[in-house]
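Colleague: Just a sequence and a predicted model for now, questions to come.
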There are 2 protein chains.
Amino acid sequence: MTIPRSAPRPTMKDVAARAGVSLKTVSRVVNREDGVSAGRVERVQRAAEELGYQPDAAAGNLRRSDRRSHAVGLLLSSAENPFDAWIQRGVEDVAAQRRTVVLAASSDESSQRELRIAQAFTARRVDGLILLPAGQDQSHLAREVERGTPVVAVDRPARGLRIDAVLADNRGGARAGVEHLMGHGHRRIAVLGHLASLHTAAERLAGAREALAAAGAALPDELVVQGLEDEQDAARAVHRLLDLEHPPTALFATRNVVSAGAFRALRERGELGRTALAGFDDFAAADLLDPPLTVITQEAYDLGRAAAERVFARMEDPRLAPETITIPTRRLIVRGSCGC
Amino acid sequence: MTIPRSAPRPTMKDVAARAGVSLKTVSRVVNREDGVSAGRVERVQRAAEELGYQPDAAAGNLRRSDRRSHAVGLLLSSAENPFDAWIQRGVEDVAAQRRTVVLAASSDESSQRELRIAQAFTARRVDGLILLPAGQDQSHLAREVERGTPVVAVDRPARGLRIDAVLADNRGGARAGVEHLMGHGHRRIAVLGHLASLHTAAERLAGAREALAAAGAALPDELVVQGLEDEQDAARAVHRLLDLEHPPTALFATRNVVSAGAFRALRERGELGRTALAGFDDFAAADLLDPPLTVITQEAYDLGRAAAERVFARMEDPRLAPETITIPTRRLIVRGSCGC
DNA sequence: CTGAAAGCGCTTACAG
DNA sequence: CTGAAAGCGCTTACAG
């Protein structure tokens, strides 16, 4: 049995030798510069083809004046989360147009992992960084920002860092959702919130409050639940709310897993169709439920695209002032759970 | 207004100058080699800290003997697809342990995009490549494989390339699903298949056939539908099946979007609870449906992990013979739609 | 324990 | 149109 010996990877030097030209001529052909005679172009191309030459992107970069790695880092919360996955897809699509690859990693909401990943990315000299900030402080990126690397926060603003942010219109979306419930006559509406420390949770609660206040309705403390992390939390909270002396007649959930848990609890109590429900964030099969769930959708794909576009804009003009870009929460998808 | 001038990024040379030592001493300290006096280690570390020095990973690599980029490429079908996203997460988690970053991109089932992305990855000299093969031929990667880059196919085998593959037990899972339906007395079971050209679709159909054959039941052509690409396709197919003179008494869907479409059609016909339904691949909220959906789950996370582990194993021993690793489709989640 | 020289694979800046 | 030399930021191989 012969041991497969991996053929050594050819370099420009090898191509030059085979084509009988100088290194520099190969470089010119490979980079499609002109000023090389047709015959030589041909010979170099054939030699490169025969050897299976592929330029080494990193080596080329080292001496190149613009020092672009043609890579951007994307620091998500959890890559398997559909919201994060759609952001990634938006980033990928913009990056692909610019011949840029995407380095992706998940922080799992840990500041420590965020720091480590950010360092791994900057050690590779990414041309830009898009992050869904975890924890309370992103100042570890300050030096990188000073050095001119475009860094853009997505979904939540960064803290301790003056950078661009691309956010959803969380407040407006929540307002629209609660207004819709009020349109069905509800005034006693409970808000089921996720982790209070998160920007999105705070904004959506604020939006719900605004909608109620504008209609002269109250949002008593007993109808505000925060810190719901999963379906079980949400289901338990709904059971407690329905046990109140004056239970809410409608529920507004600030996140998709919370909506799902609320739905489950309403079903367990036989309250589906009686207590109304609307939620922030769509999810697969929400329209197959009975009644189908009314939701505000977030355009995570657009968030990703906008963040990536901002990174590239800043690469072209590093002097842009940091901005917060708000992506409209475009659609209230009225299905049945709201009472429609 | 002052124009923010980005501070130039310091190099080892700058650190050496500041610490008053040679370049090589800085290199030793940065790489934690020993044989440097404590005082110098201290001085170098302080200088590096003050300048905010960060080694350039690519530059270091260039001369380094092992030539590891500490990056792997992950070529998915569609990053926003939950199945793909879970694979990514599995790959990420294994890569993170090895201090390796993940380059991710989506082919959208286009051979051309697959080729372009693979080239972008190899131009960056990734240490390994994991791909969910798109199209009919991956021989464009043959040269890279010969050169010793570990390349692993995930979810589907590659074609025109003898490489490792990490696949789900599609056949066994489908068999288990159909057997479960037969356990409820069904013998006239329709199979709702996705794109016939895909390995997963063929295997799952084969598994369903096997289960029926083993019980001496037939799978007549009129009960086999293939090429279903989305919920609408699936719903239409179910309507046609139910219009047959002898409609099926149970449906087996080979993919989650197909299950969802089938569910919708059954609801539209008032057949929920009468015609049984089971599907391959779980999805969010499948358990909130009424009746909740019985499914075979795929462990996409495990597929991703196994593929990444194989890449690293092959980096350590390039002489490993190409293998097909089958990940069990571990669980039949029996909910209500099967008739239980 | 320390460092000067050469070299990784390429581009830049320059000379012919 | 063509190429020899220097250099990007680092590591290697070697000498002291």
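Modeller: Yep, it's here.

Colleague: how about the helices of the stretch 101-250 of chain A, start to end?
Modeller: Listed from the start of the chain, the stretch 101-250 of chain A has helices (DSSP state H, counting those that start in this stretch) covering A:111-123, A:142-146, A:170-183, A:199-214, A:231-242.

Colleague: any idea which of those helices is most buried?
Modeller: Most buried of those by mean neighbour count (mean count of other Cβ atoms under 10 Å in any protein chain shown) is helix A:170-183; its value is a mean of 22. (C-beta placed from N, C-alpha, C; glycine too.)

Colleague: chain center to that helix: distance?
Modeller: In terms of Cα atoms, centre = their mean, to the nearest Å, the centre of helix A:170-183 is set 23 Å apart from its chain centre.

Colleague: Equivalent analysis for stretch A:195-213, please.
Modeller: Its chain's C-alpha centre and that of stretch A:195-213 lie 20 Å apart, by Cα atoms, centre = their mean.

Colleague: Restricting to C-alpha, output it in CSV.
Modeller: What follows is stretch A:195-213 as a C-alpha-only set of coordinates in CSV (Å, rounded to 0.1, in the frame of the first residue of the first chain):
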residue,chain,number,x,y,z
LEU,A,195,-34.6,39.3,30.6
ALA,A,196,-34.9,42.9,31.9
SER,A,197,-31.2,43.6,31.4
LEU,A,198,-31.6,43.3,27.6
HIS,A,199,-32.2,46.4,25.6
THR,A,200,-34.8,44.7,23.5
ALA,A,201,-36.8,43.7,26.6
ALA,A,202,-36.7,47.2,28.0
GLU,A,203,-37.8,48.8,24.8
ARG,A,204,-40.6,46.5,24.1
LEU,A,205,-42.0,46.9,27.6
ALA,A,206,-41.7,50.7,27.2
GLY,A,207,-43.6,50.5,23.9
ALA,A,208,-46.3,48.5,25.5
ARG,A,209,-46.5,51.0,28.3
GLU,A,210,-46.7,53.9,25.8
ALA,A,211,-49.5,52.4,23.9
LEU,A,212,-51.6,51.8,27.1
ALA,A,213,-50.8,55.3,28.4
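
Colleague: How about residues contacting it?
Modeller: Contact with stretch A:195-213 is made by A:136, A:155-157, A:167-168, A:170-179, A:182, A:187, A:189, A:191, A:193-194, A:218-219, A:224, A:226-229, A:252, A:254-255, A:280, as judged by Cβ atoms under 8 Å, 6 or more residues apart in numbering or on different chains.

Colleague: rerun at 7 Å
Modeller: Residues outside stretch A:195-213 that contact it (Cβ atoms under 7 Å, 6 or more residues apart in numbering or on different chains) are A:155-157, A:170-175, A:178-179, A:182, A:189, A:191, A:193-194, A:218-219, A:226-227, A:229, A:252, A:254, A:280.

Colleague: what's the closest of the helices of the stretch 101-250 of chain A to DNA strand D?
Modeller: Of all the helices of the stretch 101-250 of chain A, helix A:111-123 sits nearest to DNA strand D, with 8.9 Å by Cβ to the nearest atom of the strand.

Colleague: Just name whatever secondary elements the closest one is in contact with.
Modeller: Counting contacts by 3 or more Cβ pairs under 7 Å, 6 or more residues apart in numbering or on different chains; DSSP states H and E, helix A:111-123 packs against strand A:71-76.

Colleague: Return the set of buried residues in stretch A:297-316.
Modeller: If you call a residue buried by 16 or more other Cβ atoms under 10 Å in any protein chain shown, then stretch A:297-316 has these buried ones: A:297-312, A:314-315.

Colleague: ah, wrong one, I meant stretch A:123-137
Modeller: Neighbour-count burial for stretch A:123-137 flags A:123, A:124, A:125, A:126, A:127, A:128, A:129, A:130, A:131, A:132, A:133, A:134 (criterion: 16+ other Cβ under 10 Å).

Colleague: Just the ones of those in strands?
Modeller: Secondary structure of the buried residues of stretch A:123-137 is defined by DSSP state E; positions in strands are A:128, A:129, A:130, A:131.

Colleague: ok, which of those residues also contact DNA strand C?
Modeller: Taking Cβ under 7 Å from any atom of the strand, there is no overlap between these and the neighbourhood of DNA strand C.

Colleague: which of these lies closest to residue B:81?
Modeller: Nearest to residue B:81 among these is residue A:130, at 20.4 Å by Cβ to Cβ.
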